[in-house]
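Participant: One predicted model, sequence on top.
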Amino acid sequence: PESRFTLPEGVHVSGAERVSLGEGVHLEPGVHLDATEGPIRLSDGAHVSAFTRLAGPAFVGPDTHILGGSLGNVTIGPACRVRGEVSSTVLLGYVNKAHEGYLGHAYLGRWVNLGALTTNSDLKNNYGNVRVHMTEGLVDTGLIKVGCFLGDHVKTGIGTLLPTGCVVGVGSNLLGGLMAPTHVPPFSWGSGDRLEEYDIGRFLDTAALAMSRREMSLEEGSRTLLERAWERTRAERE
């Protein structure tokens, strides 16, 4: 069937009848959109760079830039920057993953920033069920593939390794270079299992600066909410 849009020269589409483009979508030559296994939606202002293979089902939010790599079965919110291998993953919005590194069967909150080569495991070496830390303790998911869960405003340094079923609480800053614990309490700061409490003032200053880079501000209501979350999760860090 004929495509409902005009493709730039050098862009390849499989299953064009299941591809939908919003206004102002920019596709560079060398992009492959593969909708044979599910639909693909590129929202208004999305930009897909050369040497990207995007396989459906996939949703790419407004003003998100896909910077290259192999991505499939993904939901990516607005204003994200994403590169590398990403599979069966949700990025809620304003996520910066601008460098190489694997994300699989993962769920990322807003304003997450991943340092270069941050990679998560989503399969245990013994192919056993993955257990995930919850408030009631470790819970057996009944699944053999579970990646990581990263709260809002989580940041990782270069070379951070996230183990299978890893849960990183909101506002945490992992300095990189080591394997993170499977459970990182909210507003933690450190490398590997050497974690300390992230000073709330420093955290808020960094969050505001990161948001300003996308021409957004940390509103007073959001600031108060984060302060309350920091206070209420203090026992987890102790």
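Facilitator: Cool, the structure landed.

Participant: Need the phi and psi values for the residue nearest to Thr64 when sequence neighbours are not counted.
Facilitator: Among residues not flanking Thr64 along the chain, Cys80 sits closest, at 4.4 Å (Cβ to Cβ, 6 or more residues apart in numbering). Every C-beta, even on glycine, is put in place using the N, C-alpha and C of the backbone. Torsion angles at Cys80 (phi, psi; degrees, to the nearest 10) stand at phi -90, psi 160.

Participant: do Arg237 as well
Facilitator: Per-residue torsions, Arg237: phi -80, psi -20 (degrees, to the nearest 10).

Participant: Kindly report the same for Lys97.
Facilitator: With angles defined as degrees, to the nearest 10, Lys97 sits at phi -130, psi 70.

Participant: ok, now Thr160?
Facilitator: Thr160 adopts backbone torsions of phi -70, psi 140, taken as degrees, to the nearest 10.

Participant: Confirm for me that it is in contact with Ser172.
Facilitator: No. The criterion here is Cβ atoms under 8 Å, and Thr160 misses it with Ser172 at 11.0 Å.

Participant: who's in contact with the host helix or strand of Val82?
Facilitator: Secondary structure from DSSP states H and E places Val82 in strand 81-91. Strand 81-91 has contacts (Cβ atoms under 8 Å, 6 or more residues apart in numbering) with 64-77, 80, 95-108, 112, 145, 147.

Participant: got the CA positions of it in CSV?
Facilitator: Output of strand 81-91 as CSV, limited to C-alpha atoms (Å, rounded to 0.1, in the frame of the first residue of the first chain):
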residue,chain,number,x,y,z
ARG,A,81,17.1,12.5,24.0
VAL,A,82,17.7,8.8,23.3
ARG,A,83,20.6,6.8,21.8
GLY,A,84,21.7,3.2,21.9
GLU,A,85,19.9,-0.1,22.3
VAL,A,86,16.5,0.2,24.0
SER,A,87,14.0,-2.6,24.2
SER,A,88,10.6,-3.1,25.9
THR,A,89,11.1,0.1,27.8
VAL,A,90,9.0,3.1,29.0
LEU,A,91,10.6,6.6,29.3
